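A.B. asks: the following block contains a protein sequence and its predicted model.
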Amino acid sequence: MIRKHDDFATRLLRWFDVSGRHDLPWQHPRTPYRVWLSEIMLQQTQVKTAAPYFERFVAALPTLRDLAQAPLDDVLALWSGLGYYARARNLHAAAIRCVELHGGELPRDLDALTALPGVGRSTAAAIASQAWGDRHAILDGNVKRVLSRYHGVSGYPGLPAIEKRLWQLAEQHVTGAPDARMPDYTQAQMDLGATLCTRSDPSCVLCPLQDDCVARVDGRVAELPTPKPGKTPPQKYAHVLWAEDAQGRILMLRRPPTGIWASLWTLPQADDEPLARDWFERHLSGDYAKAEALSPIDHAFSHYRLQLQPLRWHGTRLRARIGDNDALRWVAREELGSLGIPAPIRRLLETRTET
DNA sequence: AATCCGGGGTA
DNA sequence: TACCCAGGATT
């Protein structure tokens, strides 16, 4: 096969050496544990957002064994505000499994890595290639975007047929990377997609692949990758009960381990106002009618929108037969920081903290 | 293979 | 507001 240029990997690495990101927190030192943690945090999350969480997390739990031994609540508290909390629960479960099955280390084997909860094909490949320099192709959002453009692949990359084609191309390109440079090759693909081959307004004139990028040559850069087909998510409503006792402590509820905001601490929630009253009457003593209705909170999930109407009371007490327990407890304001709390609920509680 | 699931930041 | 970001799990 005759090539007009050096191959994909060679050009990409030459660009990376000059213009790649070499000072990300998880690169110094680049240990398997830190690489793994960073890959999980970076799932569906941008570097800028994840970086401060990463630093805080490794400071609190420096090793995989520390993570395995930590209570889940501590892990969720470190994750609080980062979103996609199943990642934190999977991370914790995976650490425990590594202690049980792999001597407290991450396994250097793609199938064993993929078997860990929260680790799929691309994440396993990213870990193995960066932590040990093993030769594996990755296919994250960045690589999908780069390859869609470079090869002119039309169709939403989330579709199985398109994704299969992109995996084929990724596997093809990875053969061109030098043995000693697998960690850099993996990082280089992500850097190219994140800093240069961006979704909107990419810097094609600086791109090492511009000469034979199909999208560039055909003037289709703005149309690729094909965007996700749109759909209007349903709007849902709920009331949240913000009850405080005489000491100003807040009644918090631990959500079940599955579903939205799994295992996180939130305010008690009811699907409508009569159910909110019902919950209040069953659990609290006080005057329901004294509720202060605060301004509603709008929160968007990927598959529906949720509007929360907060109702607030002061000086309430739990009914005697309910009592404090594992899933329902009074929380002092100073304790809020140590609990895993969804971002909109935390914002609600902290912006109204002085009233 | 198709479908489901889910927080937050940004343009 | 629409969109999507270093995807994975379930069916």
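C.D. replies: In hand now; what should we look at? Numbering: from 1, shown residues only, chains lettered A, B, ... in the order given.
A.B. asks: strands of the stretch 151-300 of chain A, start to end?
C.D. replies: A:235-243, A:250-254, A:265-266, A:269-270, A:284-285, A:292-293, A:297-300 (DSSP state E, counting those that start in this stretch).
A.B. asks: mean neighbour count and mean pLDDT added to the ones you listed, as JSON lines?
C.D. replies: To be clear about C-beta, it is placed using only N, CA and C from the backbone, and glycine gets the same treatment. Listed next are the strands of the stretch 151-300 of chain A as JSON lines, based on neighbours: other Cβ atoms under 10 Å; pLDDT from 0 to 100:
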{"stretch": "strand A:235-243", "mean neighbour count": "19", "mean pLDDT": "87"}
{"stretch": "strand A:250-254", "mean neighbour count": "20", "mean pLDDT": "92"}
{"stretch": "strand A:265-266", "mean neighbour count": "24", "mean pLDDT": "90"}
{"stretch": "strand A:269-270", "mean neighbour count": "18", "mean pLDDT": "90"}
{"stretch": "strand A:284-285", "mean neighbour count": "16", "mean pLDDT": "92"}
{"stretch": "strand A:292-293", "mean neighbour count": "11", "mean pLDDT": "92"}
{"stretch": "strand A:297-300", "mean neighbour count": "14", "mean pLDDT": "78"}
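A.B. asks: ok, now how distant is the closest residue in space to A:R149 that isn't next to it in sequence from DNA strand C?
C.D. replies: Nearest non-adjacent residue to A:R149, counting by Cβ to Cβ, 6 or more residues apart in numbering: A:A215, 3.8 Å away. Here A:A215 is placed at a distance of 14 Å from DNA strand C (Cβ to the nearest atom of the strand, to the nearest Å).
A.B. asks: tell me how chain A divides into domains.
C.D. replies: A:8-223, A:235-351 (automatic domain parsing).
A.B. asks: can you tell me which of those domains is most buried?
C.D. replies: For those, the largest average neighbour count (mean count of other Cβ atoms under 10 Å) is found in domain A:8-223, namely a mean of 18.
A.B. asks: so that domain, near DNA strand B or not?
C.D. replies: Yes: interface with DNA strand B: domain A:8-223 contributes A:44-46, A:48-49, A:81-86, A:158-161, A:164, A:200 (Cβ under 7 Å from any atom of the strand).
A.B. asks: so which of those are also by DNA strand C?
C.D. replies: A:Q44, A:T45, A:Q46, A:G158.
A.B. asks: contacting residues around the last one?
C.D. replies: Counting by Cβ atoms under 8 Å, 6 or more residues apart in numbering, A:G158 makes contact with A:K228.
A.B. asks: now A:K236
C.D. replies: Here A:K236 is in contact with A:Y304, A:R305, A:L306, A:Q307 (Cβ under 8 Å, 6+ apart).
A.B. asks: pLDDT score assigned to A:A70?
C.D. replies: Looking at A:A70, its pLDDT stands at 94.
A.B. asks: surely it touches A:T63?
C.D. replies: No: using Cβ atoms under 8 Å, A:A70 makes no contact with A:T63, being 10.6 Å away.
A.B. asks: picking up where we left off before, which of the residues of domain A:8-223 next to DNA strand B fall in helices?
C.D. replies: In this view, the residues of domain A:8-223 next to DNA strand B that belong to helices under DSSP state H are A:K48, A:T49, A:A86, A:P160, A:A161, A:K164.
A.B. asks: got those residues as CSV, with distance to A:D140 and pLDDT columns?
C.D. replies: Below are these laid out as CSV (distance: Cβ to Cβ, whole Å; pLDDT from 0 to 100):
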residue, distance to A:D140, pLDDT
A:K48, 16, 87
A:T49, 15, 88
A:A86, 18, 88
A:P160, 17, 83
A:A161, 19, 84
A:K164, 16, 88
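A.B. asks: now, which of the residues you listed sits nearest A:L139?
C.D. replies: A:K164 (10.1 Å; Cβ to Cβ).
A.B. asks: helices along the stretch 51-200 of chain A, start to end?
C.D. replies: Along the stretch 51-200 of chain A, counting by DSSP state H, counting those that start in this stretch, helices occupy A:64-69, A:72-79, A:86-101, A:110-114, A:121-132, A:141-150, A:160-174, A:182-195.
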